[in-house]
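In: quick one: sequence and predicted model below, then my questions.
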Amino acid sequence: MAKVNTVIQRVRGMNDCLPSETNIWQMVESVLKRVASSYGFAEIRMPIVESTALFKRSIGEVTDIVEKEMYTFDDRNGDSLTLRPEGTASCIRAANQHGLLYNQEQRFWYMGPMFRHERPQKGRYRQFHQFGLEAFGIATSDLDAEIIMLTSRLWRELGINDFVTLELNSLGSNEERAQYRQALVAYLTEREDQLDEDSKRRMHTNPLRVLDSKNPSVQAALVGAPKLSDYFGDETKVHFDQLCRRLDAAGIKYELNERLVRGLDYYNRTVFEWVTSSLGAQGTICAGGRYDGLVEQLGGKSTPGFGFALGIERLVLMLTSLEKVNNVRPQVDAYLIILGNKALDSEVEITANQLAEQWRDEVPMSRIQCHCGGGNMKKQMKRADKSGAQIALVLGEDELARQLVTIKYLRGQQEQQSLAFDQVAKLLTSLI
Ligand code: ATP
Ligand code: MG
């Protein structure tokens, strides 16, 4: 049989992130981490694989994620495992397992890949990355407001606050939702002939999700349906009013959206989404809310919780399309051009390497790339330009004799200049 060496391709919907993009990711990640820390959140890292039961029990059996999107497999012991489709369930599992929620308040953030078997398209992938955070132990709306303020700060810091809007809703308590559910099912039953197959099925299993249907004829049948807010008691109303007032006081604008029910079953009271029109169909960049029953549902002591997750790919796409990536730092600040004679151990070369080491000691945050492999000025300048560096530092026989380097500015009109070796650190610091 002939041997065929085909190139193995990536798995559909799972992307490589190449160096030309990783610097944008790193910028985004550093803003996310810094802002989360500035509100007292600490990082937690969970495994990527969990027991399948964890997600069934938390996200809900009758949700898109559990019904059709999970990567579930039996391992070699026959245990059913799942690649995590989201972070909240894992975070609570870990916190419960280590006793972190017992009569305590906690604030965690996490970041990493999530897996859902969806139809890949712009902004929707099978492996994607979320940054999420969860706060436990506080049932009052000051927490809801503070976390929404945190998200709002993220958009300001990333320069996209003019391109996102906040949608807000309350899902009430579990009891209020149960009463509403009955009324909604009664309403839908009378109009069953106007529903599509998905909605007919959901009407019995998870009727609130029918409200979320994208089908126009289902939406038409829903005009005049009972409203969840009609079933709210005082506590829910006060919680939501307080939240709205706090957001008003913080100058955060929002739109009330009664149709916002979220695709995961565990939410109660506050739910929110940040949406943008600059990404086409995949317009939600960040979503979350309150989940006061989930910790108990996963076997822990009853503990209120509030959290959100944002999609990093969608943020990166948005930043790129809005051209908000100009301030992203290139991988290299300075490229050292070495014009010695041919011998590899020429004095120029040895000095160049010693100088680079010295500058790295002096300015640890700087990124200095030394040219390797020889070549003339033209070739090395080409490399310097390609590296993305701001400046080229040139060291030749002449410079060595005078104990200085020639600085060539690669990104502007600035004239070249000469700098004594011990002045270079100052220049490098100014580039960071
Ligand atoms: P969508 O409305 O896009 O289906 P969702 O309601 O399923 O999102 P969540 O489970 O709340 O999303 O996840 C939070 C965020 O994670 C989303 O707002 C989105 O930015 C991102 N996200 C979710 N699914 C994907 C995916 N398949 N690919 C890329 N990003 C995703
Ligand atoms: Mg989804």
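Out: Noted; the coordinates are in hand. Just so it is clear, the model here is predicted, and its values are computed rather than measured. Numbering: from 1, shown residues only. Ligands and ions are numbered 1, 2, ... in the order given.

In: all contacts plus neighbour counts: C-alpha atoms, from now on.
Out: Noted.

In: ok, the most centrally placed residue in the chain - contacts?
Out: Geometric centre of the chain, nearest residue: residue 312, 3.1 Å, by CA atoms, centre = their mean. With contacts defined as CA atoms under 8 Å, 6 or more residues apart in numbering, residue 312 is in contact with 25, 28, 128, 129, 130, 131.

In: any idea how far residue 161 is from residue 32?
Out: Using CA to CA, to the nearest Å, residue 161 is found at 15 Å from residue 32.

In: quick check on the residue in the stretch 51-200 of the chain that ligand 1 sits nearest to: phi, psi?
Out: Nearest to ligand 1 in the stretch 51-200 of the chain, going by CA to the nearest ligand atom, is residue 124, at a distance of 3.4 Å. Dihedral pair for residue 124: phi -140, psi 120, per degrees, to the nearest 10.

In: just checking, it touches residue 282?
Out: Yes - taking contacts as CA atoms under 8 Å, residue 124 lies within contact range of residue 282: 7.0 Å.

In: more neighbours, these two?
Out: With neighbours defined as other CA atoms under 10 Å, residue 124 and residue 282 compare such that residue 124 has more, 18 against 15.

In: may I have the beta-bridge partners of that one?
Out: residue 121 (DSSP bridges).

In: now residue 369
Out: The partner list for residue 369 in beta bridges (DSSP bridges) reads residue 335.

In: what about burial for the contacts of residue 312, which qualify?
Out: Buried subset of the contacts of residue 312 (neighbour count, 16 or more other CA atoms under 10 Å): 25, 28, 128, 129, 130, 131.

In: show me the beta-bridge partners of residue 135.
Out: Beta-bridge partners, per DSSP bridges, of residue 135: residue 107, residue 306.

In: burial count for it?
Out: A count of nearby residues for residue 135, using other CA under 10 Å, gives 20.

In: same check, this time on residue 35
Out: So residue 35, with other CA under 10 Å, has 17 neighbours.

In: what's the helix or strand encompassing it packed up against?
Out: Following DSSP states H and E, one finds residue 35 within helix 19-37. Where contact means 3 or more CA pairs under 8 Å, 6 or more residues apart in numbering; DSSP states H and E, helix 19-37 is packed against helix 141-158, helix 312-321.

In: restrict the buried ones among the contacts of residue 312 to contacts with ligand 1.
Out: Applying CA under 6 Å from any ligand atom to these, one finds that 128, 130 fall near ligand 1.

In: as a markdown table, the buried ones among the contacts of residue 312 with pLDDT would be great.
Out: Below are the buried ones among the contacts of residue 312 laid out as a markdown table (pLDDT from 0 to 100):
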| residue | pLDDT |
| --- | --- |
| 25 | 96 |
| 28 | 96 |
| 128 | 98 |
| 129 | 98 |
| 130 | 98 |
| 131 | 98 |
